[in-house]
Structure formats: C-alpha cells, structure tokens
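Visitor: Just to be clear, the model below is a prediction. Sequence and coordinates:
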Amino acid sequence: MSLKTRARPLAGLLALCLLALSACTTPPPRAPTTLFEQDIIAATDGLAAQWRGKSTLRLPRPASRLALGPFVDLSGAPARQTGAFAQPQSLAAVKARDIVRRHVETVLSDFKLVAPGPGSDAAAELLLSASLAPFAHADGQGGGKQQLMLTLVLLDIKTRAVVARWQSALRSETSDSYPSPYESATPVLITQSASEARAAMFSTPIESSVDAPTVGEAIGLSRLAQAQAAYTSGRYEQALVLFQDVAARSPEQALRAYNGQYLTYMKLGRTQDAQQAFRKVVAAGLASKRLAVKLLFTPGQTEFWSEPEVSGAYGAWLTEIAAQAVAAPFCLEIAGHTSRTGAEGFNLNLSMARSERVRQIMLRNQAALAGRLQASGKGWTENLVGSGTDDARDAVDRRVEFKVAGCKPAF
C-alpha cells in the first residue's frame, strides 16, 4: 500500500474527528422547562413551517432577515370601559417574546434576527409580532391553568402582506398575568392609538395587506420593546439611548419614550434629568387632553401607599402637573378610580374622597388653580382589569386621571 493510499483513511478519520469536535462546540438548544414555553415554541415552529410553504416565490432563501415586533396584551373589555387605554404588558408577553427570540436565534436557521434599532428596519424583510388574550375553555377543562390565546403574525415589511399567521392556546401560570417589572414602575397609562384599538395586525387574514400606519407603528413599538428589554436587564445606558431614539424617530410613541427616559434616569440616579423627562410626559398627556397617573392608596383610605419606593415620587409628580396646569388656559377634572373590591357605593365615595385629596395637594402647590380643578369619583365603573385582587395585577384600576375640562378660567 502506498503512502498516499494509507493517508486516505487517516484523512477521513481526521475529518470525522473535526466534525465531532465542531458538534461539541455548538450546544444543543435548551429543552423547554414549562408548559408555557413548550406551547410558545410549538406555535413558533408552526408559524415558520407555514411560512416556508409560501416563501419561495416571495423572499430570498436562506436566512431571511427578521425583526421582532410588539408582543401585546389584548383585553376583552370594551373601549368604553377601558377608557381606550393600552393594556399594560404582562409578564406572559415579555416571557413569550424572549422565548421566541431565543428559539429563532438557536433553532430556526432560515431566519436571521436583526434588531429594530437605527438603520436596521430597512434591512429587515419580515416582522414577527404577537398578541395574547384571555379566553375561557368551552368544556370548562382549564386544568387549573390560566388560558391565553396566542396569535403570531409574520409580516412582509415591503409589501405589508401577512405571509403567515398562527393561533393556538397557551397554558400559563397565574403569576404570568402580573404586569412586567417595567410596567409596574411606569407612572402613567398610555392611551391606545387607532391601530392598537383595532388590533389590525392580529386580525388581518393571510395574504391580505396591513395598512401603512399600522406597520409603521409596529416598527416603532418594536424599537420600544428593545429599549424596555435593555431597561429590564439593567442595561440602563443602552436603554436610555434606545428610548431617545424612539422619541426622535417615532412621534406616535413619544409619550411611551419619555416615560421610559424618566424611569431610566431614575435608575441612573440622574434626578434632574428624570424631572425633565417627566415634564415631557405631563406635557404630552395634557396635550392629548387626558393624563392617567398611577397613584396607589392604602386600601380603603385616602392616604398614599406608605412604602417610599412606591409613593416617594408622588409629590414631585403632582407638583409638575399643577405647574403645567396653572400655565395653560384650561381646567382639569380630577377623576378618581378604585379596584373592584367591596360595595359599589363605598367605592364611589372612596374614589371621590381620593380625587378631592389630590385636588387639595395641587391647590397647595398652585393656589391660582382654585376654581379650575374639579374632583369626581368613578368607583370601579371604568376598571381596566376588574379582578379585584388589590395587588399588582389591578394596580391600573386604582388610578387618578386628569382630563382637560371645558370651562372658561378667569386669568
């Protein structure tokens, strides 16, 4: 046997060794640890399989560039009850987005994940968004788990066509219904845009096109989600840059971006910058004629929640609102709201007493507001959640809203 002939099996053996070594350096995907994660991964695989069957004529293969869009919570409550506020993002939505991101990065090789940050949306070909909505089992067999309906939508950004749509149930824990840490810290509620109110992206059938404003808004919300993820993971300097980018590039998301800047500045200990950001929050809210602030009270009382980390900033918030109100040519209705616990009449009176307490604080800050502030109580009639749990899940029900009222103030 020649030297060349003997070298062939050695070369083959070496190739096999290198292949085995390569396989060892790429760890296999982590196995799902919860039923929720299993359901999310199964739905993502279903969406990808559906797209593969339709993509050959539309998009280049392999590795189409994919950006993650918004993962939102939808409420079954009518707009007249929710006051047209966007549903606060739940832990379930945050977890679902992270699971999808990891699965795309580690398993779905026909997608290349790109960030929705500066300069990248032009490169992204696809936008993957999701909605989560509660639903009841027709057979009553919930198995002790909260049931959510997940809708995944894959959008061709260039044509605005829905190229894949997958809907399936999720098995989740009660804790997943709590608001995300970011939402818990948020001082104000955000009014729904027209696109969000219609939930247009999640109701559009396959092969149909989504209107341009909805797509633009979804891209803006995807940037916002990237900023919120940086905030939640403690990358505050990066979060600040991303929130500033959202404010500059997505005017329809400005209030959300200012809100994020406020929270991030507070985490960085930059108090004066935080005050400037909150000033923008108030200005944007009053410009829309509606500003809803989360002021938590001691249950059954008119005193603010006693923990400083919760209520420590309330004084500064009300001072800023009063300062902007006194400089503007309008009056304000201060509407108090309660969670759905206890008798209806008691809650109606309690919400009125709380709004009157806020009115008095603002008058102490700005006496010139006398005659321009009207207190009212809504009780639980405009609950956003309505669970009556009196914990973080229904914190948005215990709020105070400032509405621009029709009056002729005397200057």
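Guide: Nice, thanks for sending it over.
Visitor: State the mean pLDDT of the helix or strand that Arg101 is a member of.
Guide: For Arg101, the host element (DSSP states H and E) is helix 91-106. When pLDDT is averaged over helix 91-106, the result is 94.
Visitor: Give me the buried positions along that helix.
Guide: Within helix 91-106, the residues that count as buried by 16 or more other CB atoms under 10 Å are 91-104. Placement of C-beta: from N, CA and C, glycine included.
Visitor: Show me the domain layout of this protein.
Guide: If you go by automatic domain parsing, the domain ranges for the chain are 30-235, 289-411.
Visitor: Could you give the number of residues near Glu307?
Guide: 9 (other CB atoms under 10 Å).
Visitor: Could I get the full set of strands for the stretch 51-200 of the chain?
Guide: 64-73, 111-113, 126-134, 146-156, 161-172 (DSSP state E, counting those that start in this stretch).
Visitor: closest to Ala375 out of the ones you listed?
Guide: strand 64-73 (31.1 Å; CB to CB).
Visitor: Phe85 is in contact with Thr191, correct?
Guide: Yes - using CB atoms under 8 Å, Thr191 makes contact with Phe85 at a distance of 6.0 Å.
Visitor: Those two - which one has more neighbours?
Guide: A side-by-side neighbour count of Thr191 and Phe85, using other CB under 10 Å, places Phe85 first with 21 against 18.
Visitor: re the thing from before, can you lay out the domains of the chain as a markdown table showing distance to Tyr262?
Guide: Formatted as a markdown table, those follow (distance: least, CB to CB, whole Å):
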| stretch | distance to Tyr262 |
| --- | --- |
| domain 30-235 | 7 |
| domain 289-411 | 9 |
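Visitor: nearest to Asp245, of those domains?
Guide: That would be domain 30-235 among the domains of the chain, by CB to CB, at 5.9 Å.
Visitor: if we compare the strands of the stretch 51-200 of the chain, which one ends up closest to Leu240?
Guide: Leu240 sits nearest to strand 64-73 of all those, at 20.5 Å, using CB to CB.
Visitor: What average pLDDT does that closest one get?
Guide: Strand 64-73 comes out at a mean pLDDT of 91.
Visitor: can you give me the angle it makes with strand 126-134?
Guide: 20 degrees (axes from the mean of the first three to the mean of the last three CA atoms, to 10 degrees).
Visitor: Within its sheet, name the partner strands of strand 64-73 and how each one runs.
Guide: Looking at strand 64-73 with DSSP bridges, its partner strands are strand 111-113 (parallel), strand 126-134 (parallel).
Visitor: Contacts only, for the closest residue to Ile361 other than its chain neighbours.
Guide: Leaving aside its sequence neighbours, Ile361 sits nearest to Leu318 (CB to CB, 6 or more residues apart in numbering; 5.3 Å). Shown in contact with Leu318 (CB atoms under 8 Å, 6 or more residues apart in numbering): Val358, Ile361, Met362, Asn365.
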